[in-house]
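Chemist: fold the stuff below for me.
(chains A and B)
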Amino acid sequence: AQTVTQSQPEMSVQEAETVTLSCTYDTSESDYYLFWYKQPPSRQMILVIRQEAYKQQNATENRFSVNFQKAAKSFSLKISDSQLGDAAMYFCAYIRADNAGNMLTFGGGTRLMVKP
Amino acid sequence: DVKVTQSSRYLVKRTGEKVFLECVQDMDHENMFWYRQDPGLGLRLIYFSYDVKMKEKGDIPEGYSVSREKKERFSLILESASTNQTSMYLCASSLTYTNTEAFFGQGTRLTVV
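Modeler: Numbering: from 1, shown residues only, chains lettered A, B, ... in the order given. Sure, this is the predicted structure:
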């Protein structure tokens, strides 16, 4: 079974600075998707960024980018120019891509605090 | 926009009660999931369904059952609620194959007393 590990329960960053959240995963599959989700205090989970395993290029969405290291099974999230609204729980997630009936597996989460 | 709606944001039930948590999505998604969220443990999958009347156990199915009679609705059932089932419950849905982004409901905080 696949597992997703986030080793940083809490992180803090000064407003306008850059922070990197870590995620590692374990799988024997070659084709899969990885995600970073954000859960603000309102509780609504929203997708931040997604990476297809077959793509070597790292995904980027505005101030959010990932460092995807397939061989190392590492998928970190970098937030540039941090804003107060970035404060939230961040979850890394994994799903196989080959067929239906696949489980979406999450890590334990990292709470990000942004200091003004 | 995709909408996933959970029937309650807060729920208080007594030990031994049968509890139904309802989830409805409006985008014709094949996959639907029920997660439980506890501090430090992240989201743990209880059950998921990839089609009507199809269900698969997740990581922590004990004490729970599910029902999916229609594509848009996925119900989580606590047959006999216990205090250790006090938690946040999140429902999600997604398309299969190429678009695997999951969309979440707002969550139900269940307290069993």
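Chemist: across the sheet, point out what pairs with the residue nearest the centre of chain B.
Modeler: The C-alpha lying nearest the average C-alpha coordinate of chain B belongs to B:W34 (CA atoms, centre = their mean; 2.8 Å). Beta-bridge partners for B:W34, by DSSP bridges, are B:Y47, B:C91.
Chemist: which ones are touching it?
Modeler: Contacts for B:W34 (CB atoms under 8 Å, 6 or more residues apart in numbering or on different chains) come out as B:21, B:23, B:45-48, B:58, B:64, B:66, B:74, B:76, B:89-91. C-beta: built from backbone N, CA, C; applies to glycine.
Chemist: can you pick the most crowded of those?
Modeler: B:F74 (29 neighbours; other CB atoms under 10 Å in any protein chain shown).
Chemist: verify the stated contact: that one with B:C23.
Modeler: Yes. Applying CB atoms under 8 Å as the test, B:F74 and B:C23 come out as touching, 4.9 Å apart.
Chemist: low pLDDT regions in the chain?
Modeler: Using chain A here. Along chain A, segments meeting pLDDT under 70 span A:1, A:99-101.
Chemist: my question was about chain B
Modeler: B:1-2, B:96-100.
Chemist: would you mind naming what in it lies close to chain A?
Modeler: The interface of chain B toward chain A, taken as CB under 8 Å from any CB of the partner chain, is made up of B:30-31, B:33, B:35, B:40-45, B:48, B:50-51, B:54, B:56, B:58, B:88, B:90, B:92, B:94, B:96-97, B:100-102, B:104, B:106-107.
Chemist: and the buried ones among those, selectable in ChimeraX?
Modeler: Of these, the buried ones can be selected in ChimeraX as follows, counting by 16 or more other CB atoms under 10 Å in any protein chain shown:
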select /B:30,31,33,35,42,43,44,45,48,50,58,90,92,94,96,100,101,102,104,107
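Chemist: buried stuff in the host helix or strand of A:I49?
Modeler: Assessed by DSSP states H and E, A:I49 sits inside strand A:46-52. Buried residues in strand A:46-52, counted by 16+ other CB under 10 Å: A:V48, A:I49, A:R50, A:Q51, A:E52.
Chemist: for residue 54, which non-adjacent residue is closest in space?
Modeler: All of this refers to chain A. Once flanking residues are discounted, A:Y54 sits nearest to A:D31: 6.1 Å by CB to CB, 6 or more residues apart in numbering or on different chains.
Chemist: um, chain B though
Modeler: The shortest distance from B:M54 to any residue other than its chain neighbours is 7.2 Å, reached at B:R68 (CB to CB, 6+ apart).
Chemist: now the one you found, what's its secondary structure?
Modeler: Assigned with DSSP: H, G, I helix; E, B strand; the rest coil, B:R68 falls in the strand class.
Chemist: any idea how far it is from B:V112?
Modeler: 24 Å (CB to CB, to the nearest Å).
Chemist: please name the residues that touch A:F75.
Modeler: Contacts for A:F75 (CB under 8 Å, 6+ apart) come out as A:C23, A:T24, A:Y25, A:L34, A:W36, A:Q51, A:V66, A:N67, A:F68, A:Q69, A:C92.
Chemist: okay, now the sheet partners of the host helix or strand of the fifth one, with direction.
Modeler: It stands for A:W36. For A:W36, the element it lies in under DSSP H and E is strand A:32-39. Partners of strand A:32-39 in the sheet, by DSSP bridges, are strand A:46-52 (antiparallel), strand A:88-96 (antiparallel).
Chemist: are there residues contacting both of B:F74 and B:C23? Which ones?
Modeler: Common neighbours of B:F74 and B:C23 (CB under 8 Å, 6+ apart) are B:M32, B:W34, B:C91, B:S93.
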